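S.K.: here's my sequence, what's the structure:
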Amino acid sequence: MEDQVLIIMTSGPETPRRCATPFFFAHLAAAMEYEVTMFFTIDGILLLKEGVAETVVPKEGGRAVAGFMQDAQEAGVKFVACTAATELHDIDEGDLIDGVKMVGGAAMWQLAENSSTVLTF
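M.R.: Residues are numbered from 1 along each chain as shown. Next comes the predicted model:
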């Protein structure tokens, strides 16, 4: 439990300035040898839709969120998608980027209970 981090991602493309930092923190925690899971719900689920994160840029002329997401995944951060959020936005599992696990909303509680640190963005 002490080495597990959960990041709950509720922010999406409508709030681009809130979208890069969670992936940066996740990547950093993974590099520090924490086991990191990101749980995507509400509008955060939209970032997992194929092609969307490439269009989200927090700072004009800056790097797209997709690059931060790729860094996090390559560092071993697990991405899990809330099925209720996919239903809310009419997203099918086939619409999501590679490496995403679909879970029910109750999984968030289990992840939180097993984590020593929980961050929400």
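S.K.: ramachandran angles for residue 78?
M.R.: phi -90, psi 140 (degrees, to the nearest 10).
S.K.: could you pull out the helices in this structure for me?
M.R.: 21-31, 65-74, 83-88, 106-113 (DSSP state H).
S.K.: chain neighbours aside, what residue packs nearest to the residue nearest the centre of the chain?
M.R.: Most central in the chain under Cα atoms, centre = their mean is residue 38, positioned 4.4 Å from the mean C-alpha point. Once flanking residues are discounted, residue 38 sits nearest to residue 7: 4.7 Å by Cβ to Cβ, 6 or more residues apart in numbering. Backbone N, C-alpha and C define where each C-beta goes, glycine included.
S.K.: ok, that neighbour to residue 113 distance?
M.R.: Using Cβ to Cβ, to the nearest Å, residue 7 is found at 15 Å from residue 113.
S.K.: and residue 106, by the same measure?
M.R.: Separation of residue 106 from residue 113 (Cβ to Cβ): 11 Å.
S.K.: for residue 100, same thing?
M.R.: 22 Å.
S.K.: same check on residue 96?
M.R.: According to Cβ to Cβ, residue 96 and residue 113 sit 25 Å apart.
S.K.: which of these two has more neighbours?
M.R.: Between residue 96 and residue 113, counted using other Cβ atoms under 10 Å, residue 96 has the larger neighbour count: 20 against 11.
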